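> task: produce atomic coordinates for the following.
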Amino acid sequence: MDRFREMEAFVAVVEEGSFVAAGEALRVSKAAVSRAVLDLERRLGARLLQRTTRRLSITEAGRAYYDRCKQIIAELEEADSAVGAVTGRAVGKLRVNAPVSFGIRHLSALWGEFMREYPQVDLEIELSDRLVDVVDEGFDAVIRISRLVDSTLVHRKLATTRIVAAASPGYLTAHGTPTHPRELSAHATIGYDYAAHGDTWRFAGHDGTHEITTHPRARANNGDTCRALALAGQGIALQPDFLIWEDLASGRLVPVLGDYEGREIGIYVVYPSRKHLSVKVRALVDFLADRFAEPPWRRSAGAER
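This is a model prediction of the structure:
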């Protein structure tokens, strides 16, 4: 295995935390990854990783080598992008991060189309609801659904989504329908762990803005799980309409607090600030902007409130 493949395998083991996970990330066997790292250590004459039956850790020499390897791999990817800039073609690996529910529901069906359109781009997609560091974690682009606060990142708005409080008809029949935000204190709610304001729900109406501290009966770190709990009649959920618009249109979920609106937030593609944007990132940004010019949750007649 050549030197670059050895470095790539070593970096994958460090970042993924195991030989098995590194093999999955690189789409090779665990044995191939293990052999590459062993060959690398023999060639360097230094142990880079400490291995026990329970734990894998990086040595001091391994940490120094890892930092240099990351730099070399990044420079190689930049070299690929430079070729793309000269030829005008999108080439090289493109690392993208997106929230889990949005990524599955609204992006997964688009990636095949993108790859057919740009056959020299290799996609690496990570879904996570946590707030990733675009630069430090080496992403080329990240989809964020929030109010942007990081001025070091360049962004393009793809769409907007409205945060809606909703519950199942069964729950509302059993417990009543709140008409004012303060009435939420008497209801079971379903909390979302990554919500920007935690358990404080914010609504705007004719009598001003209301911030209500809720006490969730259940909580989850994933929007689809919150949705499922609401559909099961376990309380009122506060979720974006990109996630529940079909439930609202069909009546499986019913919006509450009709005279009050939840926040409207942007859906952005963000990327590191660079003097010259790579062709592959520009291709992705333009592709997504085109596909979300009229998002499905806005096309639904029942989605506009």
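> now for this structure, the helix or strand with the poorest mean pLDDT.
Between all helices and strands in the chain, the lowest mean by mean pLDDT, DSSP states H and E belongs to helix 60-87, at a mean of 75.
> now do the helix or strand just after that one: everything it contacts.
Moving toward the C-terminus from helix 60-87, the next helix or strand (DSSP states H and E) is strand 92-98. Strand 92-98 is contacted by residues 77, 80-81, 84, 107, 120-128, 132, 134, 137-143, 278, 280-281, 284 when judged by Cβ atoms under 8 Å, 6 or more residues apart in numbering. All C-beta spots, glycine's among them, are computed from the backbone N, C-alpha and C.
> let's see which of the residues you listed end up in strands.
Secondary structure from DSSP state E places 121, 122, 123, 124, 125, 126, 127, 141, 142, 143 of these in strands.
> in a markdown table, list those along with pLDDT.
A markdown table is the format used below for the ones in strands among the contacts of strand 92-98 (pLDDT from 0 to 100):
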| residue | pLDDT |
| --- | --- |
| 121 | 92 |
| 122 | 91 |
| 123 | 93 |
| 124 | 92 |
| 125 | 94 |
| 126 | 93 |
| 127 | 94 |
| 141 | 92 |
| 142 | 94 |
| 143 | 95 |
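> residue 291 reaches residue 109, doesn't it?
No - in this structure, residue 291 is not within contact of residue 109 by Cβ atoms under 8 Å, at 9.7 Å.
> quick one, which of these two is more surrounded?
The residue with more neighbours, out of residue 291 and residue 109, is residue 291; 17 against 10, by other Cβ atoms under 10 Å.
> what's the distance between the more buried one and residue 159?
10 Å (Cβ to Cβ, to the nearest Å).
> mind listing what the helix or strand residue 269 falls within pairs with, with the direction of each?
Taking DSSP H and E as the criterion, residue 269 maps to strand 264-272. Here strand 264-272 has these sheet partners by DSSP bridges: strand 141-146 (antiparallel), strand 153-167 (antiparallel).
> I'd like those strands as CSV, with mean neighbour count and distance to residue 266 appended.
Converted to CSV, those look like this (neighbours: other Cβ atoms under 10 Å; distance: least, Cβ to Cβ, whole Å):
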stretch, mean neighbour count, distance to residue 266
strand 141-146, 21, 7
strand 153-167, 20, 5
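> which one of those strands lies closest to residue 222?
strand 141-146 (13.4 Å; Cβ to Cβ).
> all helices for the stretch 101-250 of the chain, in order.
108-117, 169-175, 223-231, 241-250 (DSSP state H, counting those that start in this stretch).
> most surrounded residue in the ones in strands among the contacts of strand 92-98?
Of these, with other Cβ under 10 Å as the count, residue 142 tops at 24 neighbours.
> if I look at the spatially closest residue to it that is not a sequence neighbour, what pLDDT would I see?
The spatially closest residue to residue 142, leaving aside those adjacent along the chain, is residue 97, at 4.5 Å (Cβ to Cβ, 6 or more residues apart in numbering). As predicted, residue 97 sits at a pLDDT of 95.
> for residue 9, same thing?
88.
> just the element for it, please.
helix 3-16.
> again with residue 287
helix 279-291.
> the following helix or strand past the helix holding residue 9 vs helix 3-16, what angle?
Per DSSP H and E, the first helix or strand lying C-terminal to helix 3-16 is helix 19-26. Inter-element angle recorded for helix 19-26 and helix 3-16: 120 degrees (by axes from the mean of the first three to the mean of the last three Cα atoms, to 10 degrees).
> okay, buried residues for stretch 33-45 please.
For stretch 33-45, the neighbour count (16 or more other Cβ atoms under 10 Å) marks 33, 34, 35, 36, 37, 40, 41 as buried.
> from the residues you listed, which is closest to residue 242?
Nearest member of those to residue 242, counting by Cβ to Cβ, is residue 33, at 37.6 Å.
> from residue 8, how far out is that closest one?
Taking Cβ to Cβ, one finds residue 33 at 9 Å from residue 8.
> check residue 50 too.
Residue 50 is 21 Å from residue 8, where distance means Cβ to Cβ.
> rewinding a little: CSV for the strands paired with strand 264-272, including distance to residue 207?
Formatted as CSV, the entries for the strands paired with strand 264-272 read as follows, by distance: least, Cβ to Cβ, whole Å:
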stretch, distance to residue 207
strand 141-146, 27
strand 153-167, 17
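> of those strands, which approaches residue 258 most closely?
The nearest among the strands paired with strand 264-272, by Cβ to Cβ, is strand 153-167 at 9.9 Å.
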